[in-house]
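Chemist: pasting the sequence and the predicted coordinates here, then a few questions.
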Amino acid sequence: MANILIIGTGTIGEPLIGLLADFKKKLKLSEVMFHKRTPLSDEISKVKSLVKRGAKLVVNQDKFKDFENLGHKPQYNFDKAYKKADVVIDCTPAGNQHKEKHYAKTLSKKKKIFIAQGSEKGFGIPYAYGINDTALREASSQFVQVVSCNTHNISCLLRTVTPDHLDLVSADFVCIRRANDISQDCSFLPSPSVGKHSDASFGTHHARDAFDLFMTMHKPLNVHSSAMKVNTQYMHVIRFDMHVKGSVTKEDLLRSFKENKFIALTEKTSANKVFSFGRDHGYYGRIFNQTVISAPSLAAVSRGGTTRITGFCFTPQDGNSLLSSVAATVKAVHGEKYISYMRVFDDFLFQEI
């Protein structure tokens, strides 16, 4: 039995705390603890809900009274919870800072596993559940970086279309990103806004991150990406343009997509319809698939010994990275048996939306 400490209660931390608390018994976890730094009156209900689901509140020692004044009952101070934890999942945008300041200095005392999220490039081995599990098994590092939701999407497409990676000639992705999460008040846009190609080799970090993910399996890919934001809060959309060797039909692609449990196909063509389905039928309103491919948008054109594959797909926001965070956690706790434990989540993966 292992103790898990999640740091942060934002757009990734909050659902991850609830998910691990809900499945604590099935995953054979001892305690699920979560650290909240700031006592906020408008988040009383959120904290109480997480505690009700079985998670234990952790606060800094000097904030105990402030949390108690809001009606909370903190179980541990941060130092005690940190010492107890076997796995620390950092869901803040300061994972690399915390690694340098705290995590790297305590490695010799107890062999904890540290997991950070997609924004924390360089934190540890990049990981996406179902994509590079072999690399995770072989890694000796105690640090894991769960890649971003769009990197999950791109990588899942690449892995499915070219499973041996050798058939890929080139791939280009346009990440049409939603402005902000529905849980956030800030950073909404008044109109579509295009992004810079700040990476000379890959365009944006999305292709770079997918490349780095595949390089953990020693599979270099010719990939490029662009990004823009649009004034919606629903979902990211990716337009993909992949060129592969040989002749591939649309029927071949649909067959491959249906065989991949991490891919959901849909006849829907609007993000609000897909989002609404997840809200109504997903676990706590989420889609855990790595990508949702709009079948009507899919096209395959063979010419001159290669096939151009184009289409649009929807990114299930934090759902895919949440599942990878859980997988990395269960791998740290149960070793090679983690795949069997993760099967409990297969019921929440849709074949069709």
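Modeler: It's in. Note that the structure is predicted; figures quoted are calculated from it, not measured.
Chemist: which ones are touching residue 22?
Modeler: Residue 22 makes contact with 53, 54 under the criterion C-beta atoms under 8 Å, 6 or more residues apart in numbering. For every residue, glycine as well, the C-beta is placed using N, CA and C.
Chemist: and it, how far from residue 46?
Modeler: Separation of residue 22 from residue 46 (C-beta to C-beta, to the nearest Å): 15 Å.
Chemist: what segments of the stretch 51-200 of the chain are strands?
Modeler: Taking DSSP state E, counting those that start in this stretch, the strands of the stretch 51-200 of the chain run over residues 56-59, 76-77, 87-90, 113-116, 125-127, 143-146, 168-178, 193-194.
Chemist: go through the ones you listed and name the closest to residue 282.
Modeler: Smallest distance to residue 282 across the strands of the stretch 51-200 of the chain (C-beta to C-beta): 16.9 Å, for strand 168-178.
Chemist: would you mark the buried spots in the closest one?
Modeler: Going by neighbour count (16 or more other C-beta atoms under 10 Å), the buried part of strand 168-178 is 168, 171, 172, 173, 174, 175, 176, 177, 178.
Chemist: per-domain residue ranges of the protein.
Modeler: Following automatic domain parsing, one gets these domains for the chain: 3-146+320-348, 149-317.
Chemist: Serialize the ones you listed to TSV and add fields for mean pLDDT.
Modeler: Listed next are the domains of the chain as TSV, based on pLDDT from 0 to 100:
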stretch	mean pLDDT
domain 3-146+320-348	94
domain 149-317	95
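Chemist: ok, back up a step: can you list the strands of the stretch 51-200 of the chain in JSON lines and add distance to residue 220?
Modeler: Shown next, in JSON lines, are those (distance: least, C-beta to C-beta, whole Å):
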{"stretch": "strand 56-59", "distance to residue 220": "42"}
{"stretch": "strand 76-77", "distance to residue 220": "45"}
{"stretch": "strand 87-90", "distance to residue 220": "29"}
{"stretch": "strand 113-116", "distance to residue 220": "25"}
{"stretch": "strand 125-127", "distance to residue 220": "14"}
{"stretch": "strand 143-146", "distance to residue 220": "19"}
{"stretch": "strand 168-178", "distance to residue 220": "10"}
{"stretch": "strand 193-194", "distance to residue 220": "28"}
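Chemist: of those, which approaches residue 287 most closely?
Modeler: strand 168-178 (14.1 Å).
Chemist: contacts for the host helix or strand of residue 4?
Modeler: Assigned by DSSP states H and E, residue 4 belongs to strand 3-7. Contact with strand 3-7 is made by 13, 16-17, 20, 29-35, 55, 58, 81-82, 84-92, 98, 329, as judged by C-beta under 8 Å, 6+ apart.
Chemist: so of those, which ones are in helices?
Modeler: Using DSSP state H, 13, 16, 17, 20, 81, 82, 84, 98, 329 are the members of those that sit in helices.
Chemist: buried subset of these as a ChimeraX selection?
Modeler: Only the buried entries of those go into this ChimeraX selection, using 16+ other C-beta under 10 Å:
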select :13,16,17,20,81,82,84,98,329
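Chemist: residue 91 versus the residue in the chain sticking out farthest from the centre, what's the distance?
Modeler: No residue in the chain sits farther from the centre than residue 304, which is 37.5 Å out by C-alpha atoms, centre = their mean. The gap separating residue 304 from residue 91 is 47 Å, by C-beta to C-beta.
Chemist: check residue 193 too.
Modeler: 26 Å.
Chemist: among the two, which residue is more densely surrounded?
Modeler: When neighbours are counted by other C-beta atoms under 10 Å, residue 91 comes out ahead of the other of residue 193 and residue 91, with 27 against 13.
Chemist: can you tell me which residues contact the more buried one?
Modeler: Here residue 91 is in contact with 6, 7, 8, 9, 10, 12, 13, 16, 117 (C-beta under 8 Å, 6+ apart).
Chemist: same thing but at 7 Å, please
Modeler: The contact partners of residue 91, taken as C-beta atoms under 7 Å, 6 or more residues apart in numbering, are 6, 7, 8, 10, 12, 13, 16, 117.
Chemist: got it, and residue 116?
Modeler: By C-beta under 7 Å, 6+ apart, the contact list for residue 116 reads 90, 95, 123, 124, 145.
Chemist: my read: the second one touches residue 120, true?
Modeler: Yes. Proximity of residue 95 to residue 120 meets the contact threshold set by C-beta atoms under 7 Å, at 3.7 Å.
Chemist: in terms of neighbours, single out the busier of these two.
Modeler: Between residue 95 and residue 120, counting by other C-beta under 10 Å, residue 95 is the more crowded of the two (28 against 22).
Chemist: help me confirm that residue 340 is found in a helix?
Modeler: Yes. Under DSSP: H, G, I helix; E, B strand; the rest coil, residue 340 sits within a helix.
Chemist: return the distance of it relative to residue 266.
Modeler: Look at residue 340 and residue 266: by C-beta to C-beta, they are 29 Å apart.
Chemist: looking at the two, which one has more neighbours?
Modeler: Set residue 340 next to residue 266 and count neighbours by other C-beta under 10 Å: residue 266 wins out with 20 against 10.
Chemist: tell me, how many residues neighbour the nearest residue to residue 11 once chain neighbours are set aside?
Modeler: Nearest residue to residue 11, sequence neighbours excluded (C-beta to C-beta, 6 or more residues apart in numbering): residue 181, at 4.8 Å. If you count neighbours by other C-beta under 10 Å, residue 181 ends up with 14.
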